[in-house]
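Chemist: mind looking at a prediction? Sequence and model below.
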Amino acid sequence: MIAQAVGSAGSTPLVVQSRWSEARAWLHSHWKDVTVISQSFESEVDSWSPPQIIASIPGVALMFQTLMCRFGFDWVFRVGSIAMLAMWGMCLGAQELSAEDWPQWRGFNCTGVTTSTKPLPVEFSPTKNVRWSAEVGDGIGSPTIVAGRLFTTAMLGEKPGNKFVVFCFDAATGEKHWEREFPIEGEALPKIHDSNSYASATPAADAERVYVYHARLGMMALDTKTGETAWRRQLPEPYFVFDWGPGMSPVIHGDRLFFCQDDDLSPAAYCLDRRSGEILWKDDRGDMACSYSHPVICETPQGPEVIIAGTGKMIGYDYKTGHRKWATEVFCRNIKTTPVTFDGIIYVSVESVGISYQWRVTADADGDGKITRDEILNNKYRLNTGKSIPDAFWAKFDRGDENKDGVLEGEEIDKAFLDPKNRGGLLASEVQGRLGNTIDTDAGKLSEELSERQKDASIQAVRGGGEGDVSKTHVLWLKKTKSASHIVSPLVAGGRMFLIKQGGIFASFQAASGERLWDRRRVGAGGSYLSAPVYGDGKIYVTSESGVVSVIESGPEPKVLANNDFGEPIAATPALVDGQIFLRTRTRLYCIADEAK
């Protein structure tokens, strides 16, 4: 029975991604037997730590993570201690025990929550409580830690770079196991926004392979021990008319690898076989405007679903086939945040402006409310002005130019840059209604009041497992709030939803109801925030682009425990593993631990 329960647990640490629903069903059907067996072997497992046990049992890590995020650490490990005794018996069949892993961006299922109970550091700096550090080169992808190995990427050479590098370090000591360099061949990479990097994708990993993405090189699987290429899958190189650049990472779940790239030309979602790189399914997302939102997995009674948000809607895909099962309104032109899902519920936060407003701000050089081809080609926000724009993009322009005068105005902007079947966010008439008599939308001239009026922001919770349009059947709650960020993803932990946005503005809401607990409290540093918050040991870690890591106690009121300045920009999200913080600045990697403990 135990061998059947453990199954693949002895073969790979990736089993912590097994389904919570499967673990619950198994424990329900075998609870009595497991309890009896655990009593017989209690003394033998006395020295095993809870994180080792949790990480080694199919479904248990995700189960404890789900409970922890809904009810908090204290409740889970007080009440859960009874269940832990029963689970110890199951561990005896495992051939390999693994410490905690952080297998992709924001850890398990992109939640940003650690399952470890080990204390995490509060005060640290480039020289304080640093176990090890390493120079790695320019990048904003987060560190990934699996089976004691840490993976990260970087770009070398004059920006935007001419060489892509993948690193593997020993997570405990910082010893470099290997590095692979991939020269950028052919035409030089297009210039991209200063805040971005062509080493923006966070690797995903299991015990055998690390999966890395690069806009020019595609998706690759490398052997975790040697760095040798196991497979490589070329994907369309993304194009961004205003040179924002790529920012999406692969997401691993079971034997599958999920990836979404909603660029300006060929937006699509992919499901790949992680062993072979074969594309199992692909969804053409041509109805989406440029967005940055990762796939996450929602467990439902009908089985797992792949959840991806985009223009105007969030879509639930059939896990096996990629069929669009359901969709719900998300009220946005585009989305840069990633939903979080626990126990069959998806939590979303979004802030967005209408597409006609965005295009007028970006491309209307003379402030007349109209957009011409020349204004797009030569506007001040384009970094690659010497390069032509692909014909496929101009086909969108022509679609909107209904009177064929070579100018887009009013609703023509919507029709050009929004799919006819998916008009998400504020449309041109409402955009102008909020502007009143103002025509010139130049950011330097428009008042802050009028600019704020253009923003729509909300949070909502949606139950997975629906069919068709579920906006009226599966939305548990929806709240309008100015606290939602247009970049930083939400954090759900301890029964609460936390939001951080530009200026270090912090807010908290009840996850069960969406009711506000506290709102718009300033914490940490001001300025820009790109990194997503993470949670562990009763603390929330938020990181500003200026390089300040704020540690906030997860109590009834926000209490800032420390503001730790690294003196270098940070866009990467920290990884929390077994009482350690793995932090990546633009050029360096740090392993931070409370040495006194």
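Modeler: Cool, the structure landed. Numbers count the residues shown, from 1 in each chain.
Chemist: name the helix or strand of this protein that has the lowest mean pLDDT.
Modeler: Least confident helix or strand of the chain, by mean pLDDT, DSSP states H and E, is helix 2-6 with a mean of 33.
Chemist: quickly find the element holding Thr153.
Modeler: According to DSSP states H and E, Thr153 maps onto strand 149-156.
Chemist: just the mean pLDDT for that strand, thanks.
Modeler: Mean pLDDT, computed over strand 149-156, is 98.
Chemist: partner strands of the helix or strand following it and their direction?
Modeler: Of the helices and strands lying after strand 149-156 in sequence (DSSP H and E), the nearest is strand 163-170. Strand 163-170 sits in its sheet next to strand 149-156 (antiparallel), strand 176-183 (antiparallel), going by DSSP bridges.
Chemist: please name every helix or strand in contact with the next helix or strand along the chain from the last one.
Modeler: Looking back up the chat, that one is strand 176-183. Per DSSP H and E, the first helix or strand lying C-terminal to strand 176-183 is strand 204-205. Here strand 204-205 touches strand 144-146, strand 209-214, strand 251-253, going by 3 or more C-beta pairs under 8 Å, 6 or more residues apart in numbering; DSSP states H and E. C-beta here means a position set from N, CA and C on the backbone, and glycine is covered the same way.
Chemist: most packed of these?
Modeler: Most buried of the helices and strands packed on strand 204-205, by mean neighbour count (mean count of other C-beta atoms under 10 Å): strand 144-146, with a mean of 27.
Chemist: ok, and what's touching that one?
Modeler: Contact with strand 144-146 is made by 13-14, 101-105, 150-152, 171, 202-207, 210, 224, 575, 577, 582, as judged by C-beta atoms under 8 Å, 6 or more residues apart in numbering.
Chemist: could you redo the last one with a cut-off of 10 Å?
Modeler: 12-14, 98-105, 107, 150-153, 169, 171, 202-212, 224, 249, 252, 575-578, 580, 582, 591 (C-beta atoms under 10 Å, 6 or more residues apart in numbering).
Chemist: buried ones among these?
Modeler: Among the contacts of strand 144-146, the ones that count as buried by 16 or more other C-beta atoms under 10 Å are 12-14, 98-105, 107, 150-153, 169, 171, 202-212, 224, 249, 252, 575-578, 580, 582, 591.
Chemist: neighbours around Ser508, how many?
Modeler: Residues contacting Ser508 under the criterion other C-beta atoms under 10 Å number 22.
Chemist: show me the shaky parts of the stretch 101-250 of the chain.
Modeler: Judged against pLDDT under 70, the stretch 101-250 of the chain has no low-scoring part.
Chemist: right, I mislabeled it, should have said the chain
Modeler: 1-99, 596-597.
Chemist: how deep is Thr385 tucked in, by neighbour count?
Modeler: The burial count for Thr385: 12, using other C-beta under 10 Å.
Chemist: do the same with the one 10 residues further on
Modeler: The local packing count at Ala395 equals 10, with neighbours defined by other C-beta under 10 Å.
Chemist: three-state assignment of it?
Modeler: The three-state label given to Ala395 by DSSP: H, G, I helix; E, B strand; the rest coil is helix.
Chemist: list the contacts of it.
Modeler: With contact taken as C-beta under 10 Å, 6+ apart, Ala395 is in contact with Ala416.
Chemist: about what we covered before: pick the most buried one from the strands paired with strand 163-170.
Modeler: strand 149-156 (a mean of 25).
Chemist: report the angle between that one and strand 209-214.
Modeler: Angle, strand 149-156 to strand 209-214, by axes from the mean of the first three to the mean of the last three C-alpha atoms, to 10 degrees: 20 degrees.
Chemist: now strand 149-156 - C-alpha only, PDB.
Modeler: Included here for strand 149-156 are C-alpha records, laid out as PDB according to Å, rounded to 0.1, in the frame of the first residue of the first chain:
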ATOM      1  CA  ARG A 149      20.900  23.100  -7.300                       C
ATOM      2  CA  LEU A 150      20.200  26.700  -8.200                       C
ATOM      3  CA  PHE A 151      19.600  27.900 -11.800                       C
ATOM      4  CA  THR A 152      19.600  31.400 -13.200                       C
ATOM      5  CA  THR A 153      20.300  33.100 -16.500                       C
ATOM      6  CA  ALA A 154      22.000  36.300 -17.700                       C
ATOM      7  CA  MET A 155      22.900  38.300 -20.800                       C
ATOM      8  CA  LEU A 156      26.500  39.200 -21.500                       C
END
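Chemist: centre of the chain versus that strand, how much separation?
Modeler: In terms of C-alpha atoms, centre = their mean, to the nearest Å, the centre of strand 149-156 is found 18 Å from the chain centre.
Chemist: could you check how far Met248 is from Val210?
Modeler: 17 Å (C-beta to C-beta, to the nearest Å).
Chemist: now Phe151
Modeler: In this view, Phe151 and Val210 are 5 Å apart by C-beta to C-beta.
Chemist: burial count for Gly468?
Modeler: Neighbours of Gly468 using other C-beta under 10 Å come to 10.
Chemist: skip the chain neighbours and tell me the closest residue to it.
Modeler: The shortest distance from Gly468 to any non-neighbouring residue, by C-beta to C-beta, 6 or more residues apart in numbering, is to Trp326 (6.0 Å).
Chemist: would Arg520 count as being in a strand?
Modeler: Yes. According to three-state DSSP, Arg520 belongs to a strand.
Chemist: skip the chain neighbours and tell me the closest residue to it.
Modeler: Nearest residue to Arg520, sequence neighbours excluded (C-beta to C-beta, 6+ apart): Ile505, at 5.3 Å.
Chemist: got a list of what the one you found touches?
Modeler: When contacts are counted by C-beta under 10 Å, 6+ apart, Ile505 touches 482-483, 485, 499, 519-524, 526, 529.
Chemist: most neighbours among those residues, which one?
Modeler: Tyr529 (27 neighbours).
Chemist: what strand or helix carries that residue?
Modeler: Using DSSP H and E, no helix or strand contains Tyr529.
Chemist: am I right that it is in contact with Pro569?
Modeler: No. Using C-beta atoms under 10 Å, Tyr529 is not in contact with Pro569, being 11.6 Å away.
Chemist: can you pull the residues that touch both of those two?
Modeler: Jointly contacting Tyr529 and Pro569 under the rule C-beta under 10 Å, 6+ apart are 544-546.
Chemist: out of these, name the ones that lie in helices.
Modeler: Using DSSP state H, no member of the shared contacts of Tyr529 and Pro569 falls in helices.
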